[in-house]
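Student: I would like to see how this sequence folds:
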Amino acid sequence: MHKIALTAGALYVIVLLRAGGTFAVGWLAGAGARRSRFAERISSAKFARAERAIQRWGAPVVAVSFLTVGFQTAANFLAGSMRMPLPRYLPALFVGGAAWALVYATAGLGVLEVLGRLFAERTALGVSVVAALLFAVCGVVVYRRRRPVPSAAAVPEES
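Tutor: Numbering: from 1, shown residues only. I've put the predicted structure just below:
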């Protein structure tokens, strides 16, 4: 239990710094965009409505984003660039970050422990499992890169 608490604490500090930093970079990027040639587009009524919605309802999205893979950084960056108020963002960061740290600490340590036992007791099986996982990942990457991307001309129009 002590190992999980220590790991979760370290991961919590890491996620607070990383997500908070992403929010800050988003805030700065949004401020820069508001002073750039994109300022006209950003000041549209649609954009203002979207910004108000994120400022008001974005905190639950930010908190839940910590339980996803690949969406977390975008959610924190957009929260910053859309100027979500800190009193709404920080609780979402603290709650979502805690959930992320606990999930990764428990599941991560569990996987490492299983792999450690597997390699210690049955080295050949452990190497085989890791090799199979690597081949599967490589296969997915190759498949996705070779798959033809439909061009705009190839997509049939609906009438």
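Student: all contacts plus neighbour counts: C-alpha atoms, from now on.
Tutor: OK.
Student: got any ranges where this protein has weak pLDDT?
Tutor: Per-residue confidence for the chain (pLDDT under 70) gives these ranges: 1, 40-44, 46-47, 50, 149-159.
Student: mind listing the helices for it?
Tutor: Per DSSP state H, the chain carries helices over the ranges 2-34, 39-42, 45-65, 72-81, 86-121, 123-146.
Student: Can you tell me which of the ones you listed is packed in deepest?
Tutor: For the helices of the chain, the largest average neighbour count (mean count of other C-alpha atoms under 10 Å) is found in helix 72-81, namely a mean of 23.
Student: list the contacts for the residue most central in space within the chain?
Tutor: Closest to where the C-alpha atoms of the chain average out (C-alpha atoms, centre = their mean) is residue 72, at 2.5 Å. Residues touching residue 72, when contacts are defined by C-alpha atoms under 8 Å, 6 or more residues apart in numbering, comprise 62, 65-66.
Student: mind putting these in JSON lines, distance to residue 135 included?
Tutor: Formatted as JSON lines, the entries for the contacts of residue 72 read as follows, by distance: C-alpha to C-alpha, whole Å:
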{"residue": "62", "distance to residue 135": "34"}
{"residue": "65", "distance to residue 135": "29"}
{"residue": "66", "distance to residue 135": "28"}
